[in-house]
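In: model this:
(one chain, ligands or ions: 1)
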Amino acid sequence: MASSLDAILRPRSIAVVGASRQERSIGREILHNLVEYGYSGALYPINPNASSIHSIKSYPSLLAVPDAVDLAVIVVPRAAVAGVVDDAVAKGVRGLVVITAGFKEVGEEGGREERALRDKVRVAGIRMVGPNCMGVVNTDPQIRMNATFAATSPRAGSVGFMSQSGALGEVILARAQEIGLGVAYFVSMGNKADISGNDLIEAWEDDPRVNVILMYLESFGNPARFAAITRRVTRKKPILAVKSGTTAAGARAAFSHTGALAGAEVAVESLFEQCGVLRVGSMSEMFTLATAFAHERLPAGNRVAILTNAGGPAIMATDACVTLGLDVVELPAATQAALRRVLPAEASVRNPVDMIASADASRYAAALGILKSEPQVDGLLVLFVSPIMINAVEVARAIIAAAKEARQPLLTCFMGKEQGQQGIEELRDAGVPVYPFPEEAARALAGLERYRRIRERPEGTLPSFKVERTRAETALRGAAAAGRGDLAPEEVGDLLAAYGLPLAPQRIVGSPQEAVAAAQALGFPVVVKALAATLVHKTERGAVRLDLRTGEEVAEACRAMQQALGATPFRYQVQKMVRGGKETILGVARDPKFGSLLMFGLGGIFVEVLKDVIFRVLPITDVEAREMVRGIRGHALLAGVRGDTPVDEEFLVEALLRLGQLATDFPEIEQIDINPLIVSGRREASFVVDARVRLAPSAAAAAGGARPLGARRAGGAAGPAGL
Ligand code: COA
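Out: Numbering: from 1, shown residues only. So this is what the prediction gives:
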């Protein structure tokens, strides 16, 4: 894949088609930028009405160029694009960057033209960026290509930047320049008709010039491919993403908790999390993290030492570190003693190490000389507020020297007036991350640590349990054949049992007498519930009775239900009472784009009020299932607080994986709510007490099983072709 993008990222010759004679026009600016930036290959302006543009010989069409053209940047009016692409095909051009707008983004007709364009280049084996984009940059000294119309001349560095918004691309380049963040590549992807973010991630995966990949995304073309690629690439280099364009969760029938809580946003969030992509909340946070990722190694853990010449910023840094999960450790006694020897008596040496305002370069050097090899410290935050009497440049140089030798990543915060500016420049040039505020430096260090954990987490496996697939199919087909969207309780029971999800022992019967007999067969105590399709709030309607201990109590409960429900026809569900344990909720909801989402949380008020749930996009690995169980805020309640027995975590992990397998095997299931699954210290005493399953409308409508049910496991989850 990387090589197929070479014509775009590393072209040996470029034609600018639509290089205008007009100053300040887009075509002219692109040509100008290519020249100004010092493009290393041959340049061919194409314009039917001129013989030279920008002092370079021009040609009336691509076909008139005497030599080979690797890349054509197309900047002609929309109506002329198709003709230029025909010429490009005929000429044997290998890559296109289509700047021209007016395609998919303007409506149906534009969309048709865009598809035609894509088909044309795909047939010809040409790769294309755009249309509707701002261009491409490669700062490699061997290439030096700035094929954009941005006003900023990009600085070379180690960031691979892709943006779905052209306008933001311009802002990104300007800001990167301002803070001294260098880019290896910048690609404005435009409408992503051919080349997608996924293609670029793959192209940069093994590119030694790229240390970190940054994405500004508005939409996903193919989440399944994104997941497969990013799972792999984030083990090699960090990917940071800003995802905007959040749509409303989408009106879903409030059939289940899972359905109500799942939304497009949840899917994106979960997918990033699972694949190790660091989602950042804003462009500013992206720059903060990117500055650190561009240069720094990863910390070995979360223990931080803060070195400062001022108290206030150190307190801010400490607060930020702690909030972000970093540990501002107390330094070992021997280290404190060593610091004492080189610092004045007023200094504080515990951590933060406050050297007070008189600290000059030699004092920074002496303290860093001790901290840089401290094995109890995984990251160093060095703060400097520029006092008038201290030479800030010398301080910066002392920090640079220490950063080169330190065993830990070292991040700085340089605050203060103009005399600090040169120091900041020198730090930047030396590749030491430098920030204006302490909390930003802390956030960046926390980002490095977050990525370390991502990289070190085990890959996990996608287990496949032995299940009774035919039994599940029969249950689903039964509901579909009857045109029922919601499965009957017996069908739900069969489906769950087929996938090894233990339902509390139960009988469904039609009369109070049968209910008593069922209770006797099951063994007391039991629960009796009234079952009717129209019955929703069962407890409020008096349709649930718990902890019934004798036949008489069961008979009485049935009578009370008959009275409460009046004319409503119903059946009795007699279930063995499950005692003790913790209520959890497990669920599945389908997202039209991302496929099935699996949910886990604590049941009862925890889901109702606190919404303490976690989602993952299916399929999930055993490691991810465990992360789900441990990832909810209330996990301590499952792990056992105040002497409580911890619940059987293995059982929960397995239950999630089995439910995931069920949802993956049968994509026609739209929602499942298992609420609650009561889990205790032993799997033998853990049961599903209530569950509901809904089919997708299309599956329910396909009565009689005209369509085969279930997904073919071997085939995998194929996403939409192309993007
Ligand atoms: N081959 C070569 N050159 C051609 C051509 C063809 N088939 N057809 C036209 N040209 C030349 C024109 O002669 C003109 O050069 P000139 O000024 O020297 O005469 C040049 O191409 C540009 O044509 P023009 O009609 O002036 O178009 P324009 O500059 O007003 O607009 C675009 C062209 C591509 C900029 C415009 O159509 C567009 O899409 N703008 C939006 C771009 C955008 O925002 N992209 C997304 C960014 S995020």
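
In: mind showing which ranges of the chain have poor pLDDT?
Out: Scanning the chain for pLDDT under 70 picks out the ranges 1-3, 245-264, 417-419, 535-540, 700-723.

In: Which one of the residues in it is closest to the ligand?
Out: G166 (1.9 Å; C-beta to the nearest ligand atom). All C-beta spots, glycine's among them, are computed from the backbone N, C-alpha and C.

In: The ligand contacts on the stretch 1-150 of the chain?
Out: 17-18, 20-22, 25-27, 46-50, 75-78, 80, 83-84, 99-102, 132-134 (C-beta under 6 Å from any ligand atom).

In: The residue of the chain closest to the ligand - how many residues pack around it?
Out: 20 (other C-beta atoms under 10 Å).

In: Next: the one 4 residues further on.
Out: Under the neighbour criterion other C-beta under 10 Å, E170 is assigned a count of 18.

In: And for the one 5 residues further on?
Out: The number of residues packed near R175 is 16, by other C-beta under 10 Å.

In: re earlier: check the residues of the stretch 1-150 of the chain next to the ligand for burial and list the buried ones.
Out: 17-18, 20, 26-27, 46-47, 75-76, 78, 84, 99-102, 132-134 (16 or more other C-beta atoms under 10 Å).

In: Out of those residues, list just those in strands.
Out: V17, I46 (DSSP state E).

In: Restricted to helices, list the buried ones among the residues of the stretch 1-150 of the chain next to the ligand.
Out: I26, G27, R78, V84 (DSSP state H).

In: roughly how far apart are the third one and V432?
Out: Same thing as R78. 47 Å (C-beta to C-beta, to the nearest Å).

In: same question, the first one
Out: Plainly put, I26 is 38 Å away from V432 if you go by C-beta to C-beta.

In: Now do the same contact list for A317.
Out: The neighbours of A317, taking C-beta atoms under 8 Å, 6 or more residues apart in numbering as the test, are I306, T308, P352, L381, L383, C413, P438, E439, A441, A442.

In: Please settle this for me: is it part of a strand?
Out: No. Counting by DSSP: H, G, I helix; E, B strand; the rest coil, A317 is located in no strand; its state is helix.

In: burial of the residue nearest to N351 when sequence neighbours are not counted, as a residue count?
Out: Nearest residue to N351 in three dimensions, chain neighbours excluded: L331, at 4.9 Å (C-beta to C-beta, 6 or more residues apart in numbering). Neighbourhood size, L331 [other C-beta under 10 Å]: 23.

In: Report the separation between L331 and R112.
Out: 67 Å.

In: For the stretch 351-500 of the chain, just list every one of the strands.
Out: 353-354, 379-385, 410-415, 434-435 (DSSP state E, counting those that start in this stretch).

In: Need the winner for burial among those strands.
Out: Of all those, strand 379-385 carries the top mean neighbour count, a mean of 27, counting by mean count of other C-beta atoms under 10 Å.

In: now it and strand 410-415, what's the angle there?
Out: Inter-element angle recorded for strand 379-385 and strand 410-415: 20 degrees (by axes from the mean of the first three to the mean of the last three C-alpha atoms, to 10 degrees).

In: So for the chain, the centremost residue is which one?
Out: For the chain, F272 is the residue whose C-alpha lies nearest the centre (C-alpha atoms, centre = their mean; 1.6 Å).

In: That one against V242, yeah?
Out: No. Counting by C-beta atoms under 8 Å, F272 stays clear of V242, with 10.7 Å between them.

In: okay, and the common contacts of these two?
Out: Shared contacts of F272 and V242, defined by C-beta under 8 Å, 6+ apart, are found at R279.

In: residues touching L214, list them.
Out: V159, G160, F161, M162, I239, L240, A241, M286, A290.

In: again, 10 Å this time
Out: L214 sits next to 159-163, 172, 176, 181, 183, 186, 238-242, 278, 280, 283, 286-287, 289-290, 293-294 when contact means C-beta atoms under 10 Å, 6 or more residues apart in numbering.

In: So what's the residue count around G631?
Out: 16.

In: And the one 4 residues further on, by the same measure?
Out: Neighbour count of H635, defined by other C-beta under 10 Å: 15.

In: Skipping its backbone neighbours, what lies nearest it in space?
Out: H635 sits nearest to V629 (C-beta to C-beta, 6+ apart), 7.2 Å away.

In: Can you show me the CA trace of the strand or helix carrying the one you found as CSV?
Out: Element membership for V629 (DSSP states H and E) is helix 622-631. Extracted C-alpha coordinates of helix 622-631, given in CSV (Å, rounded to 0.1, in the frame of the first residue of the first chain):
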residue,chain,number,x,y,z
ASP,A,622,-10.7,-11.5,26.0
VAL,A,623,-8.5,-8.6,27.1
GLU,A,624,-11.1,-6.1,26.0
ALA,A,625,-13.9,-8.1,27.8
ARG,A,626,-11.8,-7.9,31.0
GLU,A,627,-11.2,-4.2,30.4
MET,A,628,-15.0,-3.7,30.2
VAL,A,629,-15.5,-5.4,33.5
ARG,A,630,-12.7,-3.5,35.2
GLY,A,631,-13.4,-0.2,33.4
